[in-house]
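>>> Pasting the sequence and the predicted coordinates here, then a few questions.
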Amino acid sequence: MKTIKVSIVTPDGPVYESDVEMVSTKAQSGELGVLPGHIPMVAPLQIGAVRLKKAGKTELVAVSGGFLEVRPTQVTILAQTAETAGSIDIERAKEAKARAEQRLSGNKSDVDVKRAELALRRSTNRINVFENRI
Ligand code: ATP
């Protein structure tokens, strides 16, 4: 089976590196799947899961936006934050989700709604990746 090298990098350093058969994630323009031999490209990403398929298994990494770059032998994902399923602190994510939901319910006059919505999306994404639901 052909593979391509995938690196997921954040401002804090590398989070994931492996040779995979397929990488798929949510670009701003929609679902994006990359197989070995894909044409070079750059795509902005949404908050979402990166699915990495190898040897019949799929690993998940939660990313909160950034860019995916495809080069002939390598895919690089530059993400604002990235966590493998195993490194997610589920209690922290649940607390962040509850905080965001609290801010978005009721009187929003003193709430930065956009910021709370993004926090809700990040925390929901982490919970889904932790629970392997994506
Ligand atoms: P919180 O309110 O809990 O800080 P957040 O969505 O505002 O959540 P970010 O700003 O996206 O947090 O991330 C800050 C740093 O904390 C990043 O390095 C990110 O990888 C890490 N991080 C955030 N939430 C979690 C989590 N639930 N488990 C593991 N690492 C996390």
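Received it, and whenever you're ready, just let me know what you need. Numbering: from 1, shown residues only.
>>> what helices or strands is the longest helix seen in the chain leaning on?
Counting residues, the longest helix found in the chain (DSSP state H) is helix 113-130. Identification of packing neighbours for helix 113-130 by 3 or more Cβ pairs under 8 Å, 6 or more residues apart in numbering; DSSP states H and E yields strand 41-54, strand 57-71, helix 90-104. C-beta: built from backbone N, CA, C; applies to glycine.
>>> Could you check that helix against the ligand for contacts?
Yes. Residues of helix 113-130 contacting the ligand under Cβ under 6 Å from any ligand atom: 119, 122, 123, 126.
>>> Run a quick neighbour tally on the third one.
Around residue 123 there are 23 other residues, counting by other Cβ atoms under 10 Å.
>>> centroid residue for the protein?
Centroid-nearest residue in the chain: residue 63, 2.4 Å away (criterion: Cα atoms, centre = their mean).
>>> which ones are touching the nearest residue to it once chain neighbours are set aside?
Excluding its sequence neighbours, the residue lying closest to residue 63 (Cβ to Cβ, 6 or more residues apart in numbering) is residue 79, at 4.0 Å. Residues in contact with residue 79 (Cβ atoms under 8 Å, 6 or more residues apart in numbering) are 8, 9, 10, 15, 45, 63, 64, 65, 66.
>>> Out of these, which one has the lowest pLDDT?
When these are compared by pLDDT, residue 65 scores lowest at 92.
>>> My guess is that residue contacts residue 78. True?
No. The criterion here is Cβ atoms under 8 Å, and residue 65 misses it with residue 78 at 9.9 Å.
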